[in-house]
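# Have a look; sequence and predicted model below, questions after that.
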Amino acid sequence: MRLIRPGLFVVVFFAAVSLRAQSSVPALAQPIPSQTLAPGGPAVTIDARNHFTLPGVVGTQFVRYETVLGRFAVELRADVAPRHVANFLAYVRANAYVNSVIHRSAVLESGSTSIVQGGGYVYRLPFELFQIAKLSPVALEYNLANARGTLAAARSSDPNSATSEWYFNVRDNSSVLAPQTVNGISSAGYTVFGRVLGTGMSVVDAIAAVRVFPFASPFGEVPLRNYTAGDPTTAANLIVITAITPATLFPTGGGASVLDLVVQNSAPSVVSTVLSGSTLTLTPLSPGTANLTLRATDANGNTAEAAFAVSVASAAPVFTAQPMAQTIAAGSTVVFNAPATAAATYRWERNGSVLAGATSGTLVINNASVADEGTYVAFASNSVGNITSNPAALSVVAADSVNVPRLVNLSILTTAGAGARILTMGAFIGPGDARGELPLVIRGVGPTLAQPPFNVGGVLADPVMNFYAAGAATPIESNDNWGGSASLAAAFAAVAAFPLPAGSLDSAIVRTSPGLATGGYTVQVTGKGNASGTVIAEMYDAAGAARTATTPRLVNLSTRAEIDANADLAVGFVLGGQAARTVLVRGVGPSLAVFGVTGVMADPRLELFNNNTGQRIGGNDDWAGSLEIATAAASVGAFSLSGPASKDAVLLVTLPPGPYSARLSGAGGAGGAALVEVYEVK
């Protein structure tokens with residue numbers, strides 16, 4: 001089956017979406033950080049898919065062409081031509097294209113070669129060409145233009161006649177092969193279902209440059225190498241496609257891939273490297289430093305690489321934080337943290353007895369009771385030495401039925417505006433069996449921050465606030481200027497919020513009677529007239545001190561914001577009640593991409609501070625797939641992060657009542673969209 005000859009098409013009825021060959025090559029999406037391993041400690045895995053990318057690729061199915069003039073990869077577009085992709089892959093998986101030939105190289109308009117066509121014939125020895133057996137024809141799916149570098153289905157004059165044959169657009173044939181009508185005769189166009197990746201068009205261009213010779217139909221424009229007219233034609237003269245193979249974007253441990261991976265190791269005696277599919281496993285062997293390079297290469301030799309150092313400690317572990325004494329209510333979860341550098345193994349003891357299964361730097365005790373009281377000590381070891389943590393006492397008190405530990409306030413200081421700069425604050429009122437409603441005070445403060453005692457510059461001059469129930473398109477309530485109401489001012493004072501001048505343009509919403517039922521809510525703060533500036537968004541539990549286990553309370557607070565380069569996001573929260581509460585604090589960047597968020601912060605770093613003392617309680621760069629954290633996240637209904645190798649940051653801590661600040665910043669000063677969450681852990 002062949003393309004309709006040029007000269008029949010003049011008038012274009014409509015234009016398709018343009019799809020051009022990818023000129024992009026492998027790129028480093030985010031660096032691989034230096035690794036510090038412990039002698040005799042566990043292996044560390046790195047997923048290359050988190051660090052390399054092929055920009056612009058949107059498809060999920062690929063093939064690799066192997067030809068006598070070189071190889072290249074093609075992205076298939078099942079999203080716009082599903083029937084043609086399925087049809088093409090049926091031939092590929094049946095090996096129908098093994099030793100097939102490019103049987104046509106044609107000029108559709110004046111000038112150089114427009115298309116090279118194959119998929120119709122295979123050669124067998126002794127030399128003879130055979131037509132590929134045809135499957136049922138495929139109906140036209142014209143959605144993409146025949147731009148240079150695209151792969152399209154050949155057909156007869158019947159628009160629904162495509163079978164095994166395909167062609168590559170060597171030139172931009174968007175007009176000549178579009179749906180057209182000439183002299184009352186219509187053409188429906190030709191289906192594009194893929195495109196060449198990287199610099200693979202260099203191979204297609206080399207095929208197109210081969211001289212064409214005329215033979216009997218259907219070989220009137222056949223390209224032949226090293227051929228003189230009149231000589232016998234042999235297999236060596238043909239442009240042979242030795243194979244077309246299904247491929248994945250990254251290696252999976254078997255089959256072809258668009259990107260191949262290789263690792264170089266300067267010191268294999270220090271750390272061993274095993275590359276399986278897209279996973280690099282590092283196993284510490286002996287003290288020292290190894291310089292590693294992980295390289296991604298496409299079918300045409302274009303590369304991207306990530307260089308990083310791996311150090312295997314030559315000293316005993318060192319605790320970076322000590323476990324803290326805790327007083328908690330019976331039935332609560334308590335967490336002791338004692339992370340140590342270069343620790344190969346951990347163990348915990350209570351009152352001198354080893355705790356079975358406690359083998360990480362984080363010890364979690366669920367549903368604590370008086371039987372769990374005692375003194376806890378952590379031990380960290382590697383082949384060089386052992387260390388012992390400070391002792392931490394645990395006291396378990398009877399739960400106060402009218403003053404349960406809880407989140408009572410969230411505040412965010414950042415830059416907000418319109419579009420991507422909209423500041424979003426979320427809250428979930430629970431627990432699920434709670435009875436009644438929770439009163440809230442919500443504020444978006446900009447102008448007042450410019451006044452003493454704050455004296456903040458560049459404030460958001462006129463913040464506007466909208467308050468939504470989760471999933472709703474229409475706000476429950478909106479506010480532009482709070483208006484100086486005496487009742488609102490009294491509500492601010494009742495939750496110990498700083499006062500606002502009566503005539504300020506700050507915004508506020510007070511929901512005291514009625515309050516809010518259990519469920520999720522969202523607050524958005526933006527600037528009037530697309531303005532942007534510094535603003536503080538606040539949410540207060542306004543119910544007062546009396547609280548039972550089934551009284552509605554804030555069980556999850558969060559904020560999403562766009563963070564500038566070399567800046568951080570400060571998120572304050574306050575814990576109330578009569579005992580400590582365990583909280584899960586997450587700084588999410590990379591894992592937001594699965595929700596369609598673009599421009600995410602690639603490597604967020606999280607720190608937690610006590611606002612009363614200024615003391616740094618702890619920090620986290622990469623959560624590293626911690627089992628304790630994953631279990632806690634699942635218990636509170638938090639969405640899953642993108643695997644243990646994701647660069648999101650998480651802390652699981654037990655905190656006494658008081659004010660705290662979580663600060664999020666990007667590694668190397670990088671900015672981007674990020675989400676900070678605080679969850680109550682029972």
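Structure's in. What do you need?

# Could you measure from the spatially closest residue to residue 50 that is not a sequence neighbour over to residue 591?
Using C-beta to C-beta, 6 or more residues apart in numbering and skipping the chain neighbours, the partner closest in space to residue 50 is residue 645 (5.2 Å). C-beta: built from backbone N, CA, C; applies to glycine. Using C-beta to C-beta, to the nearest Å, residue 645 is found at 11 Å from residue 591.

# Please apply the same query to residue 644.
Distance from residue 644 to residue 591, by C-beta to C-beta: 12 Å.

# Who has more neighbours out of those two?
residue 591 (20 against 14; other C-beta atoms under 10 Å).

# Now do the SS call for the more buried one.
What DSSP: H, G, I helix; E, B strand; the rest coil gives for residue 591 is helix.

# Off-centre distance for the helix or strand hosting residue 520?
Per DSSP states H and E, residue 520 falls inside strand 519-527. With C-alpha atoms, centre = their mean, to the nearest Å as the basis, strand 519-527 stands 23 Å off its chain's centre.

# Quick one: mean pLDDT over whichever helix or strand comes after that strand.
Counting by DSSP H and E, the element after strand 519-527 in chain order, helix or strand, is strand 533-541. For strand 533-541, mean pLDDT is 95.

# Could I have the CA atoms of strand 533-541 written out in CSV?
C-alpha atoms of strand 533-541 as CSV (Å, rounded to 0.1, in the frame of the first residue of the first chain):
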residue,chain,number,x,y,z
GLY,A,533,3.5,40.4,48.4
THR,A,534,4.2,39.1,51.9
VAL,A,535,1.2,37.8,53.8
ILE,A,536,0.5,35.7,56.8
ALA,A,537,-2.4,33.2,56.6
GLU,A,538,-3.8,31.9,59.9
MET,A,539,-6.3,29.4,61.1
TYR,A,540,-7.3,29.1,64.8
ASP,A,541,-9.4,26.5,66.7
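
# between that strand and strand 519-527, how big is the angle?
160 degrees (axes from the mean of the first three to the mean of the last three C-alpha atoms, to 10 degrees).

# Could you list every helix and strand in contact with strand 533-541?
With contacts taken as 3 or more C-beta pairs under 8 Å, 6 or more residues apart in numbering; DSSP states H and E, strand 533-541 sits against strand 406-416, strand 423-430, strand 438-445, strand 519-527, strand 553-563.

# low pLDDT regions in this structure?
1-23, 126, 181-185, 401-402, 545-546 (pLDDT under 70).

# biggest helix in it by residues?
If you go by DSSP state H, the chain has its longest helix at helix 82-93.

# Kindly present the helices and strands packed on strand 533-541 as TSV, with separate columns for distance to residue 455 and mean neighbour count.
Shown next, in TSV, are those (distance: least, C-beta to C-beta, whole Å; neighbours: other C-beta atoms under 10 Å):
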stretch	distance to residue 455	mean neighbour count
strand 406-416	14	23
strand 423-430	21	21
strand 438-445	14	25
strand 519-527	20	21
strand 553-563	23	23
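
# As TSV, those with distance to residue 454 would be great.
Listed next are those as TSV, based on distance: least, C-beta to C-beta, whole Å:
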stretch	distance to residue 454
strand 406-416	10
strand 423-430	18
strand 438-445	9
strand 519-527	17
strand 553-563	19
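
# nearest to residue 132, of these?
strand 553-563 (53.3 Å; C-beta to C-beta).

# what about that closest one, distance to the chain center?
Distance, centroid of strand 553-563 to centroid of chain: 19 Å (C-alpha atoms, centre = their mean).

# and what of stretch 43-60?
Centre to centre, stretch against its chain (C-alpha atoms, centre = their mean), the figure for stretch 43-60 is 10 Å.

# Give me the buried positions along that stretch.
Residues of stretch 43-60 classed as buried by neighbour count (16 or more other C-beta atoms under 10 Å): 44-54, 57, 59.

# sorry, back to before: which residues sit against whichever helix or strand comes after the longest helix of the chain?
Note on helix 82-93: by DSSP H and E, the next helix or strand toward the C-terminus is strand 100-101. By C-beta atoms under 8 Å, 6 or more residues apart in numbering, the residues outside strand 100-101 that reach it are 118-123, 129, 132, 238-241.

# Alpha carbons only: can I get the longest helix of the chain in PDB?
Extracted C-alpha coordinates of helix 82-93, given in PDB (Å, rounded to 0.1, in the frame of the first residue of the first chain):
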ATOM      1  CA  PRO A  82      -4.700   4.200  19.800                       C
ATOM      2  CA  ARG A  83      -5.900   1.900  17.000                       C
ATOM      3  CA  HIS A  84      -2.800   2.600  14.800                       C
ATOM      4  CA  VAL A  85      -0.400   2.100  17.800                       C
ATOM      5  CA  ALA A  86      -2.000  -1.200  18.600                       C
ATOM      6  CA  ASN A  87      -1.900  -2.300  15.000                       C
ATOM      7  CA  PHE A  88       1.700  -1.300  14.600                       C
ATOM      8  CA  LEU A  89       2.700  -3.100  17.800                       C
ATOM      9  CA  ALA A  90       0.900  -6.200  16.700                       C
ATOM     10  CA  TYR A  91       3.200  -6.400  13.700                       C
ATOM     11  CA  VAL A  92       6.200  -5.600  15.800                       C
ATOM     12  CA  ARG A  93       5.500  -8.300  18.400                       C
END
